[in-house]
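> Sequence unavailable; structure follows:
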Ligand SMILES: Cc1ncc(C[n+]2csc(CCOP(=O)(O)OP(=O)(O)O)c2C)c(N)n1
Ligand SMILES: Cc1ncc(C[n+]2csc(CCOP(=O)(O)OP(=O)(O)O)c2C)c(N)n1
Ligand SMILES: [Mg+2]
Ligand SMILES: [Mg+2]
């Protein structure tokens, strides 16, 4: 993860910086598009949850973190993992269940993790990452480090009890944790608003004593600026912060979900006008970046990732014996 | 539970009504004082949690409920049970583990319940009563009844996840449930404020879309007026309401806890100036009730409850065979 | 008789109980859209959103709320989506649902059913594959069911909904598309606590349930070729379990193999093995054996997941080992 | 050697690890005031409120937070107050703590200890009396300990804190005041997975742990008067458990009785019974028997609670029954 030389400014975005984030978004989009195809082709097993349409949040938050900062993620974790700096080849290997996968093929998409870059794991249980991130922040505080923990979660997760317990804990102990709510309006097939009361994630966070920033999560420069300010505030010891980022998921809940429960017009409008990549491209064009330059970025990611996937699919399967390792030291299975 | 003929009014309290509530408070205080002595004498086993100092809330909320309304309680549930109209003799039998106890001696103080008056149970698990009350309200709504559910819980319980899940649920489904937070400032030996962030129980409830009323929980007439208004609102179908009642527990967390963790001056000040019974007595005196009349009420409760405890202690033990009944119909133990 | 899938059988069982008893309702995440596996398809359209209730992602409130609703005489059927997520509602199930009737001295019952899809399916890895039946069997107050066929899922789910006890109903995710004949007439249900004889055999009794049944059937075919004949019992109901049927069979064969997909260590197979080895001590021709998963979390990779699977060849080999057993 | 209570031994074990390793810290409700049973007395004064942390009543965050803190290399010791309240944090323990190392392919470890006081104590009824060790033994990734003596509580708690695996440490509430000799020298710890021979005997092996040990000892005295000699093993460690020691003893006595306070059905006794009956098939003089609680929630009344208790006379009678066993 390259650190920005100067803090971003939403009002006057820096073209070079933004182009870097744009590349991260493309990397996520291309990675997931390929993963989706590979899943449909039976090369990736299990469930996969795509964050296509939500890439700006991961890219911008990730760009404001140091490598030694840590994050916890959700079932929809590819973007966070890429943005934190994980190697896409190791990620593809993980999705394909191959040796050399980030988790040796034991986790798959839903449990992808790369501790070498501080990515502490996707999670198959909604909201489970919240207390884990807070605990990580507690450890950071105990050790007196200046790292921070970031916790990504969805709007649906704000209806689970651990949301309250984790946020209260973080605020009560003034821990260095940034909560990032990726609010795509849905929890699986259910419109979150139809089963949620009150003023939404931000209001809940505020009631637990955590300052809230609301941002258009598909506006790359805006998320970047907000994340920069919040990461700085958290790192300076001001306690937890909460970023409520509105976004939209362009695909189904899982890669096998046609998402017919969503209004076609709603989806169309989002696809047409709210693609974070196209919006960022427009911003970059306004800053003088040529279509060619953008095209080069995209092509680079396409080529690199297609090669990575091919390598992953060429990689050996893990040895069956590894199924029995890393369970525990004492009382391990034979 | 006799229903009030006219709704109470805090500004102009009705002496007769208040005297009735005063009697309930005395019944609770005397019941618990005797229970405490019996516990210390080894006649009551297990743990007991006394609500001495908090009686006004139970008495006033209970007086605004119909017999077919239901409530869930906490580990500190004697007052709620009495105020809902349970028979103190059956309660003493329960505490003493005797036949004829409300739960046949299987529950004890921490699981006291009297379904015949809609008291759905104390609970040994903090915050566990919240979803249960909400589920009861959900059943009431499904059946189209005009009963309501009331849910008592402490300030400490607002840090557990089920608080969020239950309140969100109640508001999302607009259920007929009144939440009553008995805020005595402590969860066991810990000052709740020291481990809680944000603006407190009411602010949390509001963030979940539930209207909040704050009341001095040791002001009998004030709680009565607030409860009357909220019970009416809930019964009329307006969805959940939240009563945040500030109070103080005069005793330790359990009957065996000397509560030395509290500042002596704080306790003294509360005992001296904030006894809900003495405050109600003063109000009643102002309304022209004679010391004699108050004294008669107290004496009546003392005599009746002393007799009830004596009868309970004279009651037979349950048959050992009952330990094996009421587990389940299918696959019951031999 | 109709030929139905396990999924459709479960759907109809619930539909029939919803139609028969206004106190029955069902709640869970996304069930209005049919549920994760389509087992609720069309029910919301048929019975309305107040009886087929889409909930927030709030497992504790779903389960705890069902307890309160059951205490008030309704009969909630709770969907947990994956049995793994029921771990977010254990206090509500174990400390509340299972104990309320007893703690309150029989003043109330808790007639709820909690549906927990279990088992290995589609490489879903460690947090979406668990089978924890032995946990629930250990908890007083709970009935535990684990149907393996469409007929049993239909008949047991109906029985569960009609029961006044809290029931943990474990449906195997790999079985949703499995087909079979289901008697849909009238009030037919499967009695809780009665095992089903899947296959008659001479040499080794195999006791299993849920996803284990198909594997045992396959194993029987393999074993047959080696001259070993398996007597297969599908327990269907884990608490209560059909001790009589198991003992009868083992008394005849003299050999018992218990097969389950759950982790073998402290799995429910241990209870059956311990019970039978005790009751038939001296009458057995070989030790009672168990075959379950190794004590590892379920790995994701298609290359690794087999490590967590019990297989027909392994069952057949274990059975053959019992037949040729010499101390 | 010092004469200490089980409580004081545990307190000192934690104090010694807090002193020895700055990565160790402890968290739970009210532990700053000494904890519910005084087992944390004075630790906050000694090590400060950032290493002996009073938490909100948030079991899920306590456990889930400990997972995150452990992933970052600290060694949290988590207090659950009563094992029953750990049911509010099962996802965090079972889906997260136990599986993280495996799911993430060994990238990280989860060196946490979760202390869960178990067992019948002071008529605390159905929600404050459970012993659910068999649940945790069933979960891959977890180590499970259940000390019965001050020395073992000291030595196992130290070993648990030093272990890189998540450990469920079950302390029996009735044992807090029990006294015994404890070697406090240096780094002494009790090796995990090794049983303790409590008493040598000829006729019947009794395998037990936690609160069962005292009962077994009493039973041995009773049995002696009837000419039956008990060989008592205290497992101490339930996962891993000392199969070798158990098989050695049973090979000698030819008889095994497993005794535990938890519900017998699907209790951990079933695992031991099934294992031994299999491994020593043909070498046993009598069936392997188990003695545990009936499948009922724990009732409150002093007149009823005995129904849930295993007793020395019952153990002695069961042992005598094995000696006189004829098919
Ligand atoms: C505790 C739990 N309940 C339910 C699920 C099933 N589930 C997986 S993702 C999901 C929706 C989550 O919605 P949200 O938090 O908004 O995240 P999004 O999928 O929109 O990114 C659900 C219900 C789960 N994994 N864990
Ligand atoms: C889930 C759970 N955690 C912890 C406890 C132990 N405990 C019993 S009462 C109590 C304090 C509760 O505080 P509060 O909710 O304010 O109620 P109060 O005792 O003040 O009436 C605690 C921590 C419990 N019973 N259940
Ligand atoms: Mg969402
Ligand atoms: Mg309190």
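Yes, it's here. Keep in mind that what you see is a predicted model, and the values were worked out from it rather than measured. Ligands and ions are numbered 1, 2, ... in the order given.
> Quick check: next helix or strand after the longest helix seen in chain A?
The helix spanning the most residues in chain A, taking DSSP state H as the definition, is helix A:15-40. Once helix A:15-40 ends, the next helix or strand along the chain (criterion: DSSP states H and E) is helix A:55-63.
> just the angle between that following helix and helix A:15-40, please?
Put simply, helix A:55-63 runs at 120 degrees to helix A:15-40, going by axes from the mean of the first three to the mean of the last three CA atoms, to 10 degrees.
> do the next helix or strand after helix A:55-63 and ligand 1 meet?
Next along the chain after helix A:55-63, taking DSSP H and E as the criterion, comes strand A:70-72. No. Remark: strand A:70-72 sits outside contact range of ligand 1, by CB under 6 Å from any ligand atom, the gap being at least 13.2 Å. Using the backbone N, CA and C atoms, a C-beta is placed for each residue, glycine as well.
> wait, does strand A:70-72 make contact with chain D?
Yes. Strand A:70-72 is in contact with chain D by CB under 8 Å from any CB of the partner chain, via A:70, A:72.
> moving C-terminal of that strand, what's the next helix or strand?
With DSSP H and E, the next secondary element past strand A:70-72 is helix A:78-83.
> Residue 275: neighbouring residues, count only.
By default, I'm working from chain A. Residues within reach of residue A:275, counting by other CB atoms under 10 Å in any protein chain shown, total 21.
> actually it's chain C I care about, not the one you picked
20.
> Please give me every residue in contact with the most centrally placed residue in chain A.
Nearest to the mean C-alpha position of chain A, counting by CA atoms, centre = their mean, stands residue A:80 at 2.7 Å. Residues near residue A:80 by CB atoms under 8 Å, 6 or more residues apart in numbering or on different chains: A:58, A:61, A:62, A:71, A:73, A:119, A:122, A:152.
> Mind pulling up the pLDDT for residue A:45?
pLDDT for residue A:45: 97.
> related to what we said a few turns ago, mind giving me the packing neighbours of the longest helix of chain A?
Helices and strands touching helix A:15-40, by 3 or more CB pairs under 8 Å, 6 or more residues apart in numbering or on different chains; DSSP states H and E, are helix A:55-63, helix A:78-83, helix A:88-95, helix A:220-235, helix A:276-286, helix A:291-314.
> just curious, which of the contacts of residue A:80 is nearest to chain C?
Proximity of the contacts of residue A:80 to chain C (CB to the nearest CB) peaks at residue A:122, which lies at 10.2 Å.
> element containing that closest one, please.
Using DSSP H and E, no helix or strand contains residue A:122.
> For chain A, give the residue positioned nearest to ligand 1.
Using CB to the nearest ligand atom, the closest approach of chain A to ligand 1 is made by residue A:154 at 2.3 Å.
> burial measure for the spatially closest residue to that residue that is not a sequence neighbour, as a count.
Using CB to CB, 6 or more residues apart in numbering or on different chains and skipping the chain neighbours, the partner closest in space to residue A:154 is residue A:182 (5.6 Å). Neighbour count for residue A:182, taken as other CB under 10 Å: 26.
> Show me the beta-bridge partners of residue A:182.
residue A:154, residue A:245 (DSSP bridges).
> Could you pull up the residues touching it?
With the criterion set at CB under 8 Å, 6+ apart, residue A:182 makes contact with A:51, A:54, A:57, A:74, A:76, A:152, A:153, A:154, A:155, A:217, A:245, A:247.
> mind redoing it with 7 Å?
Shown in contact with residue A:182 (CB atoms under 7 Å, 6 or more residues apart in numbering or on different chains): A:54, A:57, A:152, A:154, A:217, A:245, A:247.
> How about the residues of chain A by chain B?
Taking CB under 7 Å from any CB of the partner chain as the criterion, chain A approaches chain B at residues A:159-165, A:168, A:171-172, A:195-199, A:203-204, A:206-209.
> element containing residue 272, please.
The chain I'm using is chain A. Residue A:272 belongs to helix A:264-273, assigned by DSSP H and E.
> other chain: chain C
helix C:268-279.
> Isn't residue C:131 up against residue C:267?
No. Using CB atoms under 7 Å, residue C:131 is not in contact with residue C:267; the gap is 8.4 Å.
> any idea how far residue D:70 is from the closest residue to ligand 4 within the stretch 101-250 of chain A?
Nearest residue of the stretch 101-250 of chain A to ligand 4, counting by CB to the ion: residue A:168, 15.4 Å away. Going from residue A:168 to residue D:70 by CB to CB, to the nearest Å gives 21 Å.
> What does the pLDDT read for residue C:163?
pLDDT, residue C:163: 98.
> Get me the contact residues on chain C for chain B.
C:25, C:50, C:56, C:58, C:60-61, C:64-69, C:71-72, C:74, C:91-92, C:95-96, C:100-108, C:140-141, C:143, C:163-165, C:192-193, C:239-240.
> and residue A:299, how many neighbours does it have?
Quick note: residue A:299 (other CB under 10 Å) scores 12 neighbours.
> before we move on, what about the one 10 residues further on?
The criterion is other CB under 10 Å. On that basis, residue A:309 has 25 neighbouring residues.
> ok, it - contacts?
Here residue A:309 is in contact with A:34, A:38, A:92 (criterion: CB under 7 Å, 6+ apart).
> Do a quick rundown of the helices in the stretch 201-327 of chain C.
C:212-225, C:243-253, C:268-279, C:312-323 (DSSP state H, counting those that start in this stretch).
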